[in-house]
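S.K.: what shape does this take:
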Amino acid sequence: MFTRHYPHWPPGQPKTLELPKTTVYANLAAVAARDPDHIAIDYYGRRISYREIKEQVDALAGFLQKRWNVAKGDRVLLDLQNSPQFVIAFYAILRADAVVVPVNPMNRTEELRHFVADSDAKVAIAGQDVLEQLRPVKGLERVLVAAYSDYLDAGTDLPVPEFVRAPAADASWRAALAAGLSPGPHAAAPEDLAVMPYTSGTTGEPKGCMHTHASMQATSVAYLHWRGSRERSVVLSALPMFHVTGMQAGMNAPIYAGATLVILSRWDRDCAGMQIERARVTNWSAITTMLVDFLSNASLKKYDLSSMQVLGGGGASMPEAMARKLEEVIGLPYVEGYGLSETMAPTHINPPHRPKRQCGGIPFYGTDARVIDLHDFHELQPHQVGEIIVNGPQVFRGYWKQPAASAQAFLSHDGKSFFRTGDLGYYDEEGYFFITDRLKRMINCSGYKVWPAEVEAMLYAHPAIQEACVIGVRDAYRGETVKALVVLKKEFLQKIEPREIVDWAREKMAAFKVPRIVEFVDALPKTATGKILWRELQERENRT
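M.R.: Here you go, the predicted structure:
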């Protein structure tokens, strides 16, 4: 067990946590039983109690089971923006003993086709704003449609996005709740599958990460505990809940703790400032680009931010200058963490009392982390760069229907099964881990992971493209952005502009995946076997 960091463990905190032997749904039920009138959600000023949330969760679960025949272990696609409906639908699927398949609402039809086909989902719960992209997808038998305005206080003066204000065009959500159906006995167990977020790898096909109720509890229970949150915390939930960081830090951990979720469906720096002041937000997990935008707001001084007690996040290192400015403006250190979809968010977090900047932190509760040599897998010493591997209760069970990829994701070391993160890094003399590079091929755009092989596969559908290679380029705001090097087919030479490729891509893929830069080249460097030398192109870009 790696213990070098133990001298810097948060004072008074145990090295491991006793995790509840219950489901994630049971967390909500427990809070609703002990504190039913406490506010669970503040949605642009509309307040909803834990009693109301649980009643609607149970009603929706009953509908899924008794009207739509959703059974234990069935996968249910969840395609919603941050909203009360996301929370209710997420917990209703779990209450129905089914598995949540959360997808990015920015995804386009082609991307959604893969998620539906691969997960074998027959049922989806979606926002009316994404319905146009979901409708053409075959395989779905039923779609429950939600309108965010159903939970909006019409009199709010907060800057609410237009898609949130849009009146309901479909009454199926309200009808499902109004049916008043009670669910059957809650039969799920801690080791049953609960959620299956999708991630990608170098093969380009997104893979479902199989997480159980137990692996989710490992970070749900631990998040706020680690950061020393007080009772009645108020959490700004602005990170997308379909992503494991937003899912855990912005929804599941606060619900376990009986906190209030202040939900934003779309990031808006003024709305965030107004809600921090009005709702007296105490906790905020945010990515670097979000905070850069927040601090650049000329109106920031007019907001009272004094209620803030905990500020943290991950996804990309916080620049030193920005970290200093955060402490000046908000008066709190930015506590960074590190994790992946395969680990249901954190494996490492900085100790709140002693954080280091641009650092992933120290191994979390019950987590064993090592750094190994890339060639013979022997364990490395401080400041030696290798692949970070982790063992802990939050590690997933493997990739859905991908036994070969699952086997490759783990290795046996020191008598344990460790997950290979694919990230390169090192630890210092005090046991703090630093991420230096990626063994996997991945681009980090504002905290969103973009897998070049996936983007390339979609670019090849363009009639003018003969070959394409996608790399990451430095971006002062987003951290990295996507660049595509494209070889055109002969018949399209001099007949098409790079901007046309960009515009086409915007219609085919989520906005964060779209190549912002397209460069036409005569040829791409290749190996003797014809494989494109993407690393050579990436290194060439890094030198410019």
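S.K.: distance of the spatially closest residue to residue 455 that is not a sequence neighbour from residue 516?
M.R.: Counting by C-beta to C-beta, 6 or more residues apart in numbering, residue 455 lies nearest to residue 470, which is 4.7 Å off, once chain neighbours are set aside. Every residue, glycine included, has its C-beta placed from N, CA and C. Noted for residue 470: a distance of 11 Å to residue 516, by C-beta to C-beta, to the nearest Å.
S.K.: neighbour count: these two, which is higher?
M.R.: A count of neighbours by other C-beta atoms under 10 Å puts residue 470 above the other of residue 470 and residue 516, at 27 against 16.
S.K.: please point out which parts of the strand or helix carrying the more buried one sit buried.
M.R.: Using DSSP states H and E, residue 470 sits in strand 465-475. Neighbour-count burial for strand 465-475, counted by 16 or more other C-beta atoms under 10 Å, picks out 465, 467, 468, 469, 470, 471, 472, 473, 475.
S.K.: what would those residues look like in TSV with pLDDT and distance to residue 124?
M.R.: Output for the buried residues of strand 465-475, formatted as TSV (pLDDT from 0 to 100; distance: C-beta to C-beta, whole Å):
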residue	pLDDT	distance to residue 124
465	93	31
467	90	35
468	92	31
469	93	34
470	94	29
471	94	34
472	93	32
473	94	35
475	88	33
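S.K.: okay, and the beta partners of the residue nearest to residue 455?
M.R.: residue 484 (DSSP bridges).
S.K.: who are the contact partners of it?
M.R.: Applying C-beta atoms under 8 Å, 6 or more residues apart in numbering to residue 470 gives the contacts 443, 452, 453, 455, 456, 459, 482, 483, 484, 485, 515, 534.
S.K.: filter those residues down to the ones in helices?
M.R.: Among the contacts of residue 470, the ones falling in helices (DSSP state H) are 452, 453, 455, 456, 459, 534.
S.K.: ok, which pair from those is furthest apart?
M.R.: The distance between the two most remote of the ones in helices among the contacts of residue 470 (C-beta to C-beta) is 13.4 Å, for 459 and 534.
S.K.: more neighbours, these two?
M.R.: Applying other C-beta under 10 Å to residue 459 and residue 534 shows that residue 459 carries more neighbours, namely 22 against 19.
S.K.: contacts only, for the closest residue to the more buried one other than its chain neighbours.
M.R.: Of all residues not flanking residue 459 in the chain, residue 468 sits nearest, at 4.4 Å (C-beta to C-beta, 6+ apart). Going by C-beta under 8 Å, 6+ apart, residue 468 touches 456, 459, 460, 484, 485, 486, 487.
S.K.: make TSV from the residues you listed and add pLDDT to it.
M.R.: Output for the contacts of residue 468, formatted as TSV (pLDDT from 0 to 100):
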residue	pLDDT
456	89
459	92
460	87
484	97
485	97
486	96
487	94
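S.K.: filter these to the buried ones?
M.R.: The buried subset of these - by 16+ other C-beta under 10 Å - is 456, 459, 484, 485, 486, 487.
S.K.: among these, which one lies nearest to residue 522?
M.R.: residue 487 (7.0 Å).
S.K.: element containing the closest one, please.
M.R.: Counting by DSSP H and E, residue 487 is part of strand 479-488.
S.K.: which strands and helices sit next to that strand?
M.R.: If contacts are counted by 3 or more C-beta pairs under 8 Å, 6 or more residues apart in numbering; DSSP states H and E, strand 479-488 sits against strand 443-445, helix 452-459, strand 465-475, helix 498-508, strand 517-520.
S.K.: tell me where the stretch 201-350 of the chain has strands.
M.R.: With DSSP state E, counting those that start in this stretch, the ranges of strands along the stretch 201-350 of the chain come out as 207-208, 211-212, 234-237, 260-263, 283-285, 310-313, 335-340, 345-349.
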